[in-house]
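# quick one: sequence and predicted model below, then my questions.
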Amino acid sequence: MVGLEFWTRASDSRWIDAVWTCRSEQVSEMTSVATENWGLVFWEHEGKTYAGISGPESRTDTAPVPAGASFTGIQFALGTSLRAVATPDLVDSGILLPDVTGGSFWMHGARWETPHPDDAEALVDRLVRAGVVVRDPLVAEVLQGRPPAATDRTLERRFRSATGLTRGAVRQIGRARSAALLLNAGENPSDVVDKLGYYDEPHLARALRRYVGRTAGQLREGSGGVIALDLTQRTTSYTSFATPLE
């Protein structure tokens, strides 16, 4: 069965984790994998254009996917955020942006040009210069492995404010995704437990169930339906968004 056709690329911008495109074919829903990142998503379906803000996802879920839709997405680097929207409010949710045309969208009191996959950095640069997208320098230092110049309590508060998640949740989500990718590549569950520091196979199974929505066997067999294993390879349907942002 034809499903989702993905294309992703990395970015040299410190503000961007990845840029992705997707086209849906004969598929009605997919399993989304938990992700630490928020993003901007632009899509076309049945002659109409849409734009939205996708939040971090703290758990696996199923998402409806309209057939014949094409998507472009920007996944922002961990620690970046929108000045006008608290990232914790976006967790497991999203916002549909208003007044979208074929070539532009409205956000944060201004109109912005809808990006193509190869010029996403230009849009992000404009958003950063305008102060729409910001970055917590303390969180950035910690993510780069530098010793934090703050107490653990302050760091945890700043981390959660910037990402919407705790440091522990970010680690668990990333580890579960790595485990899923290893299993999908044919690794034995026992080897994945050893490589990634799980206590035992039941511990791994619980993490996969919570963050990936598949068993180790399903991941190794490639069964269970359409799934986005890569953070950048996930489709956000317009039906999952909350009240439009004014």
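Looks like it came in fine.

# T87 - how many residues pack around it?
20 (other Cβ atoms under 10 Å). (C-beta placed from N, C-alpha, C; glycine too.)

# tell me the spacing between it and E141.
Counting by Cβ to Cβ, to the nearest Å, the separation of T87 from E141 is 18 Å.

# helices or strands next to the lowest-mean-pLDDT helix or strand in the chain in the packing?
Ranking every helix and strand in the chain by mean pLDDT, DSSP states H and E puts strand 227-228 at the bottom, with a mean of 73. If you count contacts as 3 or more Cβ pairs under 8 Å, 6 or more residues apart in numbering; DSSP states H and E, strand 227-228 packs onto strand 29-32.

# in the protein, which strand has the most residues?
Longest strand in the chain, counting residues (DSSP state E): strand 16-24.

# would you mind finding the longest helix in the chain?
Using DSSP state H, we find that the single longest helix of the chain is helix 167-184.

# what about the helices in this structure?
Under DSSP H, the chain gives helices at 87-90, 120-129, 137-143, 152-163, 167-184, 189-196, 201-211, 216-221.

# closest to D99 out of those helices?
D99 lies closest to helix 120-129 among those, at 16.7 Å (Cβ to Cβ).

# in that closest one, what counts as buried?
Within helix 120-129, the residues that count as buried by 16 or more other Cβ atoms under 10 Å are 120-121, 123-124, 127-128.

# with stretch 161-171 instead?
Those would be 162-165, 167, 169-170, for stretch 161-171 by 16+ other Cβ under 10 Å.

# kindly report the same for stretch 39-52.
By neighbour count with 16+ other Cβ under 10 Å, stretch 39-52 contains the buried residues 39-43, 45, 50-52.

# try stretch 21-41
Result for stretch 21-41 [16+ other Cβ under 10 Å]: buried residues 21-24, 27, 30-41.

# next: stretch 89-104.
Neighbour-count burial for stretch 89-104, counted by 16+ other Cβ under 10 Å, picks out 90-91, 94-97, 100.

# now the nearest residue to E44 once chain neighbours are set aside: how far from I16?
Distances taken as Cβ to Cβ, 6 or more residues apart in numbering put S70 closest to E44, at 5.2 Å, once the chain neighbours are dropped. Using Cβ to Cβ, we find S70 at a distance of 20 Å from I16.

# thanks a lot, catch you later.
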